[in-house]
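[1] All I have is the shape, not the residue letters:
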């Protein structure tokens, strides 16, 4: 048990260090390209930090060593668990640290157009994800059509986000780096140095997340939970650590657009590209109560975020509801 705890602490330390390197490099890239914070947070950061949770389900489906049913459960749990974790625990943790730093009634002020676009696209895409799960197994062509629609949805989302960048820059939402490039003292601050730091941060993010997955899997044996439930709870906690840490760092610095865009942009990516790949690689049905609950809570978390951003409750205390959804899911898994 001591070795497992040590491994978990080491993994968390690596993820935190990697997130610092990654966010610092992204800020410099966004600043030099002259793009908006919305593009930097919702596209660059979201896709970059989504690599761990992209790799895990694909490895489970394509190269898993266990029985096919176990591989499917791990893959499905990782795919569904990512948007669930982002829409519940990630937002809740970000709100907690914002409340501690800025006060529980401080108003969040992310760029609203990009936030609303992310949430609309997520709800549309996740509707397709749910709809595909309701199709009869024999309707393979329809499932392929749903997957194609999800790929196209993300492509159009990218175009719209990038097109909106020019107007946002004109309104003062240009990405600005908070601090000098960390590796500048060693190798300068030219663009190759920025890219090198970004790649080092991304490699460390993947390494730390994988270490955390392994450590938590060892600890979870004590609870005797099913493979799907473990995948829903364990894998996303580790693979979503980059989004959590990056957004916490940004929210504490008052960079609300980057903080929210990092999470909501990842929610868009995790509800389009990854489920689409899953539909093409394995049976796509949510027959387990845990999978159904994860989908429902992901939708509830996103809906609540949209609501409070519209009615003036966009404050840390209100987002703790999302953390409550995650805790409720944990209780259901433990009890059933």
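    Cool, the structure landed. Note that this is a predicted model, so its numbers are computed, not measured.

[2] which strands and helices sit next to the helix or strand hosting residue 20?
    Assigned by DSSP states H and E, residue 20 belongs to helix 2-33. Helices and strands touching helix 2-33, by 3 or more C-beta pairs under 8 Å, 6 or more residues apart in numbering; DSSP states H and E, are helix 46-49, helix 191-220, helix 241-252. C-beta here means a position set from N, CA and C on the backbone, and glycine is covered the same way.

[3] redo that, cut-off 10 Å
    helix 37-39, helix 46-49, helix 191-220, helix 227-239, helix 241-252, helix 256-270 (3 or more C-beta pairs under 10 Å, 6 or more residues apart in numbering; DSSP states H and E).

[4] Enumerate the positions of it that are buried.
    Going by neighbour count (16 or more other C-beta atoms under 10 Å), the buried part of helix 2-33 is 4, 7-8, 11-12, 14-30.

[5] now swap in stretch 316-324 and tell me
    So, applying 16+ other C-beta under 10 Å, buried residues of stretch 316-324: 316, 318, 319, 320, 321, 322, 323.

[6] how far out from the middle of the chain is that stretch?
    Between the centre of stretch 316-324 and the centre of its chain there are 17 Å (C-alpha atoms, centre = their mean, to the nearest Å).

[7] So what touches that stretch?
    With contacts defined as C-beta atoms under 10 Å, 6 or more residues apart in numbering, stretch 316-324 is touched by 86-108, 251, 297, 300-302, 304-305, 307-309, 311-313.

[8] Tell me the buried residues within those residues.
    86-99, 102, 108, 251, 297, 300-302, 304-305, 308-309.

[9] So which of those belong to strands?
    Judged by DSSP state E, strands contain none of the buried ones among the contacts of stretch 316-324.

[10] Which members of the residues you listed are positioned in helices?
    Using DSSP state H, the subset of those located in helices is 91-99, 102, 251, 297, 300-302, 304-305, 308-309.

[11] Save the buried residues of stretch 316-324 as TSV, and put in distance to residue 135, pLDDT and secondary structure too.
    Below are these laid out as TSV (distance: C-beta to C-beta, whole Å; pLDDT from 0 to 100; DSSP: H, G, I helix; E, B strand; the rest coil):
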residue	distance to residue 135	pLDDT	secondary structure
316	40	95	helix
318	36	96	helix
319	34	95	helix
320	37	96	helix
321	32	96	helix
322	30	95	helix
323	33	94	helix
